[in-house]
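Peer 1: Show me how the following folds:
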Amino acid sequence: MNTFKSMTDEQLVVLYAEGENAAFDVLLNRYKSSIHSYIYYIVRNRDLTEDIFQETFVKVIMTIKQGRYTENGKFKAWITRIAHNLIIDNFRQERSENTLSNDEVEVDLFNNIKLCDGTIEDNLVRNQVLSDVRKLIKFLPDSQREVLEMRYYQDLSFKEIADLTGVSINTALGRMRYAILNMRRMAEENKMELSLA
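Peer 2: Here you go, the predicted structure:
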């Protein structure tokens, strides 16, 4: 057991995948406190934190046992990402369960222009702009694309992005800035209109 403590995360993952359960105990002890704190910091509910914490490590175990772990050198970031995705899934499920009824509200929600779907033309323009943005993202350098996708598609904070990518917050912010500048330049060069207005 003591020899395991000096091993890297990746060595422990390999041993656990080969059936050495004590290797996983070391990984769990190494990260349980920080992952638990991370989950609680976001959800602010002890029971929910326990559920998501357990679900996170069940997912970790299943992925390793199925031989699908590929995040060499980034074990902590990988676990944190799993926990984060489970938190988001939980919030999405909660939101879909809390729907409004028009009967309970004095104001007529269904006749509010702000809540109406756009016209067919608005939807076509929006879909075209989003499609163009996705095309431009593919041409960004990997480090810029990673930060942009984490910020806008995974809704992570720059602190979370910095932690997951192993860089400083300033570096993450810089990569985002260059990503946006590069996308604007590419849009101009290709005469793309990226405005919804």
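Peer 1: list the buried ones in the helix or strand of the chain with the lowest mean pLDDT?
Peer 2: Lowest on mean pLDDT, DSSP states H and E among the helices and strands of the chain sits helix 120-138, with a mean of 76. Buried residues in helix 120-138, counted by 16 or more other CB atoms under 10 Å: V125, D132, L136, I137. In this view, the C-beta of every residue, glycine as well, is placed from N, C-alpha and C.
Peer 1: which residues of the chain score low on pLDDT?
Peer 2: Within the chain, the stretches with pLDDT under 70 are 1, 97-119, 121-123, 194-197.
Peer 1: how is it carved up into domains?
Peer 2: 2-97, 120-189 (automatic domain parsing).
Peer 1: Tell me the gap between the longest one and the middle of its chain.
Peer 2: Mean-position distance between domain 2-97 and its chain equals 14 Å (CA atoms, centre = their mean, to the nearest Å).
Peer 1: now do the last one
Peer 2: On the basis of CA atoms, centre = their mean, domain 120-189 sits 14 Å off its chain's mean C-alpha point.
Peer 1: how long is that domain from one end to the other?
Peer 2: End-to-end distance for domain 120-189, by CA to CA, to the nearest Å: 28 Å.
Peer 1: picking that back up, list just the nearest of the buried residues of helix 120-138 to K159.
Peer 2: I137 (22.3 Å; CB to CB).
Peer 1: Chain neighbours aside, what residue packs nearest to the closest one?
Peer 2: Once flanking residues are discounted, I137 sits nearest to R145: 5.8 Å by CB to CB, 6 or more residues apart in numbering.
Peer 1: show me the residues around the one you found that make contact.
Peer 2: Contacts for R145 were tallied using CB atoms under 8 Å, 6 or more residues apart in numbering; they are I137, K138, A179.
Peer 1: again with M183
Peer 2: Applying CB under 8 Å, 6+ apart to M183 gives the contacts V133, L136, I137, L140, L194.
Peer 1: how about JSON lines for these, with distance to K59 added?
Peer 2: Formatted as JSON lines, the contacts of M183 follow (distance: CB to CB, whole Å):
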{"residue": "V133", "distance to K59": "30"}
{"residue": "L136", "distance to K59": "33"}
{"residue": "I137", "distance to K59": "27"}
{"residue": "L140", "distance to K59": "29"}
{"residue": "L194", "distance to K59": "36"}
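Peer 1: Thank you, goodbye.
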